[in-house]
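Trainee: Quick one: sequence and predicted model below, then my questions.
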Amino acid sequence: PICFPVTITGTLSVGGNYLRSVQTGISAAGSIQGDATALTKDISVVSTVSAGQGVRLPTAVAGMVFIVNNTSGTNLNVYPATGAVINSLATNAAYTHTAGASLQYYAVSSTQWYTVGASDA
């Protein structure tokens, strides 16, 4: 696997499966962006959420993709890193990730994330 930043121009062809890093059993925390649980893996399964708690995406890099699966029965607050935006929300505002839903968060710049995927399970 390639473990350092690489710039590729043209077409990249990869044989086999592309494996992403995974973390399960994540507990949401806090009630604001600064004390939300930091996500560090490509695929995150958040299983414990109390009302108002959340997780925080890392500082965005264009092309970065995170998959978040909220397996709890409570809506999850997903925050961008400081100074960033998810969809058309205000800067630093939490996106309400529906209980039981799995979404992809993808970055198009260092400050803009968008969501795509199932809105519910």
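Mentor: Cool, got the structure. Numbers count the residues shown, from 1 in each chain.

Trainee: State the distance from Tyr105 to Ser13.
Mentor: Between Tyr105 and Ser13 the distance, using CB to CB, to the nearest Å, works out to 26 Å. C-beta coordinates here come from the backbone N, C-alpha and C atoms, glycine included.

Trainee: Which of the two has more residues huddled nearby?
Mentor: More neighbours surround Tyr105 than the other of Tyr105 and Ser13, with 24 against 4 (other CB atoms under 10 Å).

Trainee: helices and strands of this structure: which one has the lowest mean pLDDT?
Mentor: The helix or strand of the chain with the lowest confidence, counting by mean pLDDT, DSSP states H and E, is strand 112-117 at a mean of 94.

Trainee: Flag every buried residue along that one.
Mentor: Of the residues in strand 112-117, those scored as buried under the neighbour-count criterion (16 or more other CB atoms under 10 Å) are Gln112, Trp113, Thr115.

Trainee: Given that strand, what are its sheet partners and their directions?
Mentor: Strand 112-117 has the following sheet partners, assigned by DSSP bridges: strand 85-86 (parallel), strand 102-107 (antiparallel).

Trainee: give me every residue that touches Val49.
Mentor: Val49 makes contact with Ser27, Ala28, Asn70, Ser72, Thr74, Asn75, Leu76, Ala99 under the criterion CB atoms under 8 Å, 6 or more residues apart in numbering.
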